[in-house]
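S.K.: Quick one, structure for this:
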Amino acid sequence: YEAILIFLCLINQLTCMLTFFLSRRIFGRRSLAWLSWILTFFLVGLSPWTSIPYSDSVGLIFPMLFAFILYGLDAEEAAESSSVTGAEGAFAGSGRFGSCENSACFERLKCFSKCRLHRPFMIVLLGLLAAMSYAVKPQAFIIVIAAILIKFTDTAEDIKNHKRHKFKTLIFAIILAAFGFFCGMQLCDRAGQSLGIEVDEEGTFGLTHYIMLGLNDREMGVYDQEDYDISHNAADREERREANLRTTAERLKRMGPVGLIKLFVRKTLTNFNDGNFCWGGEGVFYFKMRESDGGFLDELTRDIYYN
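M.R.: Model (predicted):
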């Protein structure tokens with residue numbers, strides 16, 4: 001457990017570092033980068049969830065790493081456009097994902113972009129990261145969906161402005177990213193098989209289970225023993241799916257549109273109301289509570305962990 005905890009702490013701090021560097025590149029100001037880091041440190045860095053060996057803690061790094069690489073590619077494209085126009089100022093503020101006001105940063109990007117294999121490799125890497133994020137924590141894939149929508153919007157605007165070559169560039173990028181995604185999914189699948197664990201496919205809790213659970217207005221979408229029993233007591237996957245869909249339909253009918261909106265609002269408060277991301281509100285907590293030794297760090301840790 002200690003080794004896993006050290007690994008999760010490392011993932012946590014790398015996420016905080018990526019937040020700092022990405023903020024610095026986007027805003028071009030060290031002060032705002034430090035502010036981003038401080039906020040991330042208190043919300044994520046000190047979160048007790050780090051001590052739970054679960055996919056949430058491992059999945060933290062994927063959205064930030066994806067955004068960091070994506071911004072770098074966008075900034076690189078802006079640097080290339082700037083070199084064509086001969087105006088370095090065109091780089092500042094360009095690109096959907098931010099700007100770079102640092103001339104040294106501009107020069108590094110301009111030199112780095114001369115490697116023709118660099119950009120295709122990074123796009124394949126983005127696809128690989130997307131697959132890994134989906135395999136580890138599907139919610140981390142949301143940033144991939146957002147990036148796709150933004151790129152399609154940007155390309156549509158370029159076509160309107162008679163920049164039709166941008167469409168070909170987008171198609172080529174999609175092919176590369178899809179190749180990276182396919183390789184990533186194969187890699188994750190092989191990694192799972194290498195563990196030698198036989199997965200009971202008929203016992204799998206699929207998407208319908210989590211839809212049912214998310215629409216539980218009694219527990220606000222968090223862990224519920226009754227919902228678990230509904231899925232666990234099913235004889236096979238098909239029976240489980242039917243039971244999940246039946247319960248989901250009953251809840252939607254009972255809540256109605258207004259009740260569903262209220263549920264979403266209350267679930268949002270459950271997650272983000274006091275900044276602890278529902279710590280202590282899901283599963284079984286505190287099998288054993290240790291006594292305080294009266295020290296400052298001990299009291300601080302107790303205040304963070306015990307709610």
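
S.K.: When you work out contacts or count neighbours from here on, use the C-alpha atoms and nothing else.
M.R.: Noted.

S.K.: Okay, now the unreliable bits of the protein?
M.R.: Low-confidence regions of the chain, defined by pLDDT under 70, span residues 76-117, 283-287, 307.

S.K.: in it, which spans are helices?
M.R.: When assigned using DSSP state H, the helices of the chain occupy the ranges 2-27, 30-40, 55-59, 61-85, 103-112, 118-136, 142-160, 165-194, 207-214, 225-232, 237-272, 296-305.

S.K.: Please identify the deepest-packed of those.
M.R.: Relative to the other members of the helices of the chain, helix 118-136 carries the highest mean neighbour count by mean count of other Cα atoms under 10 Å, namely a mean of 21.

S.K.: Run the angle between it and helix 142-160 for me.
M.R.: Between helix 118-136 and helix 142-160, the angle formed by their directions is 140 degrees, by axes from the mean of the first three to the mean of the last three Cα atoms, to 10 degrees.

S.K.: So which other helices or strands are in contact with helix 118-136?
M.R.: Contacting helix 118-136 under the criterion 3 or more Cα pairs under 8 Å, 6 or more residues apart in numbering; DSSP states H and E are the following elements: helix 55-59, helix 61-85, helix 165-194.

S.K.: one step back: possible to save the helices of the chain as CSV with distance to Trp279?
M.R.: Putting the helices of the chain into CSV (distance: least, Cα to Cα, whole Å) gives the following:
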stretch, distance to Trp279
helix 2-27, 16
helix 30-40, 17
helix 55-59, 12
helix 61-85, 20
helix 103-112, 40
helix 118-136, 20
helix 142-160, 22
helix 165-194, 29
helix 207-214, 17
helix 225-232, 18
helix 237-272, 9
helix 296-305, 8
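
S.K.: any chance of the helices and strands packed on helix 118-136 in JSON lines, with distance to Ala249 too?
M.R.: As requested, the helices and strands packed on helix 118-136 are exported to JSON lines (distance: least, Cα to Cα, whole Å):
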{"stretch": "helix 55-59", "distance to Ala249": "28"}
{"stretch": "helix 61-85", "distance to Ala249": "33"}
{"stretch": "helix 165-194", "distance to Ala249": "32"}
